[in-house]
Each structure stands twice: as C-alpha cells, then as structure tokens.
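>>> After the sequence you'll find the predicted model.
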Amino acid sequence: MPETQIVAFRGTDDGQEHVALVVGAFGGAPALVRLHSECLTGDVFGSLKCDCGPQLKEALRLIGAEGGGILLYLRQEGRGIGLANKLRAYALQDRGLDTVDANRRLGFADDERDYAHAAAMLRALGVERVRLLTNNPAKVRGLEAAGIAVAERVAHHMPANPHNADYLAAKRKKSGHLP
Ligand SMILES: Nc1nc2c(ncn2[C@@H]2O[C@H](COP(=O)(O)OP(=O)(O)OP(=O)(O)O)[C@@H](O)[C@H]2O)c(=O)[nH]1
Ligand SMILES: [Zn+2]
C-alpha cells in the first residue's frame, strides 16, 4: 500500500466524526474514490448478511493497486438509521420483510443517507472530480448534486453468499442498484 494519511472531519451538522483515508498520489487524473457507509456488523465482525466487509477490503486493495485514491469512511451506520435501528430492521428481515420494507416498517425512508458531507470532505482534500466505486446511483447523484463531478462510475460487486443473496437482490430490484 502506498503511503496513507488518515484525516478525521468533525463539526458537521450531523455531529459525527467522518474519516478520510488518503492513499498515495493521484495527480491530475480524477481520483479513484470509495464512499463507504459504516457497517459495524459487516466491517468489524464479518457478518455475512451484507457485502460491506468485502467491499471495504476490495476498495482499499483497488486504490492501493492504482497507487492512489481516497476512501471516505462515513458514519452512516444502517444507511443512516444507526446501529440499534439496523438491528431492529434485521429482526424484521428474519420475519420475512426485505431490507427496504423493514426500514419503512420502522418509520424510516429506504435510505436516510445524503452525500453533502462526503462532497465537502472531498473538496477540503482538493478533489473536485472522481471515479466513483459504487453500484448505487444515489451516491453518484448525491455527489454531483453537491458539486463533485463523477467522471466515471466503477462497478463494485462482491460475490453473493447464501446469507446476503436476497438482500443484494432487493437492492437491485427496489433501490435501483446497477449491474
Ligand atoms: N437499514 C439497513 N441498513 C443496512 C442493511 N444492511 C446493510 N445496511 C447498511 O447499509 C450501508 C451499506 O450500504 P449499501 O446499501 O450496502 O451499499 P451502498 O453503499 O449504498 O452501495 P454501494 O456503493 O454499491 O456498495 C451500511 O451503512 C450498512 O450498515 C439493512 O438490512 N438495513
Ligand atoms: Zn453491511
């Protein structure tokens, strides 16, 4: 891995401490960027219910292999509903709801995230144009709406497993996640 800097951002109106890993150098070309939403269960404990852990590792591997890029670790646990509410959503999914309906049953939108803080972090790091690693069109729209140009979307699919296959299918079908 090239030399990496870790930068903590605080003072955003959500009261969270968001984090940037700034890897190597990216010169004039649009930087390879991953917006990773916090997932304690997947990132730390290796839960198989989602694809977050493998996505995090693979994003860092790809950025390192390119010699530079940025991973923003955004404190948006549970698509912005927080850990306890995500665990409540998991309990509903054990009873047959999908990931979107579980959120709605709890009184939340499908996805409570926005990417204005991510855009502000990129700007503070001097980055205005990115190649974005994601399958989620809402991330592309969110960054562009906040003034960051997305020169390219780079697909970021992980192999499914028996525990997350329905979850990944629901995201394609209901949340418009791209192939
Ligand atoms: N509310 C809720 N959040 C979940 C669930 N499973 C994973 N998450 C959260 O979803 C976030 C990860 O986002 P994803 O929707 O998997 O993927 P994405 O980041 O939007 O899209 P990609 O960039 O393509 O990976 C993390 O904050 C996880 O904690 C779930 O069933 N319910
Ligand atoms: Zn996850």
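Nice, thanks for sending it over. Ligands and ions are numbered 1, 2, ... in the order given.
>>> From here on, just use CA atoms for contacts and neighbour counts.
Fine.
>>> Get me the contact residues on the chain for ligand 1.
Contacts of the chain with ligand 1, taken as Cα under 6 Å from any ligand atom, map to 36-39, 50, 76-79, 86, 89-90, 99, 103, 134-136.
>>> so of those residues, which ones are in helices?
86, 89, 90, 99, 103 (DSSP state H).
>>> What's the local residue count around the first one?
When counting by other Cα atoms under 10 Å, one arrives at 21 neighbours for residue 86.
>>> Extract the C-alpha trace of the helix ranked longest in the chain and format it as PDB.
Using DSSP H, we find that the single longest helix of the chain is helix 52-66. Taking Å, rounded to 0.1, in the frame of the first residue of the first chain, the C-alpha atoms of helix 52-66 are listed here in PDB:
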ATOM      1  CA  CYS A  52     -19.800  -4.300   3.400                       C
ATOM      2  CA  GLY A  53     -16.700  -6.100   4.800                       C
ATOM      3  CA  PRO A  54     -15.600  -7.500   1.400                       C
ATOM      4  CA  GLN A  55     -16.400  -4.100  -0.300                       C
ATOM      5  CA  LEU A  56     -14.300  -2.200   2.200                       C
ATOM      6  CA  LYS A  57     -11.300  -4.500   1.800                       C
ATOM      7  CA  GLU A  58     -11.600  -4.600  -2.000                       C
ATOM      8  CA  ALA A  59     -11.900  -0.800  -2.300                       C
ATOM      9  CA  LEU A  60      -8.600  -0.400  -0.300                       C
ATOM     10  CA  ARG A  61      -7.000  -3.100  -2.400                       C
ATOM     11  CA  LEU A  62      -8.000  -1.400  -5.700                       C
ATOM     12  CA  ILE A  63      -7.000   2.100  -4.500                       C
ATOM     13  CA  GLY A  64      -3.600   0.700  -3.400                       C
ATOM     14  CA  ALA A  65      -3.100  -1.100  -6.700                       C
ATOM     15  CA  GLU A  66      -3.700   2.100  -8.600                       C
END
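>>> so for it, what's the average pLDDT?
Mean pLDDT, helix 52-66: 96.
>>> do stretch 39-48 as well
Mean predicted lDDT for stretch 39-48 stands at 97.
>>> end to end, how far does it reach?
End-to-end distance of stretch 39-48 (Cα to Cα, to the nearest Å): 12 Å.
>>> Could you number the chain from 21 rather than 1 from now on?
All right, first residue 21 from here; so that's stretch 59-68.
>>> ok, back up a step: which of the ones in helices among the residues of the chain next to ligand 1 sits closest to ligand 2?
Nearest to ligand 2 among those, counting by Cα to the ion, is residue 106 at 9.8 Å.
>>> residues contacting the closest residue to that closest one other than its chain neighbours?
Counting by Cα to Cα, 6 or more residues apart in numbering, residue 106 lies nearest to residue 98, which is 5.1 Å off, once chain neighbours are set aside. Remark: with contacts taken as Cα atoms under 8 Å, 6 or more residues apart in numbering, residue 98 is in contact with 58, 59, 105, 106.
>>> Many thanks, we can stop here.
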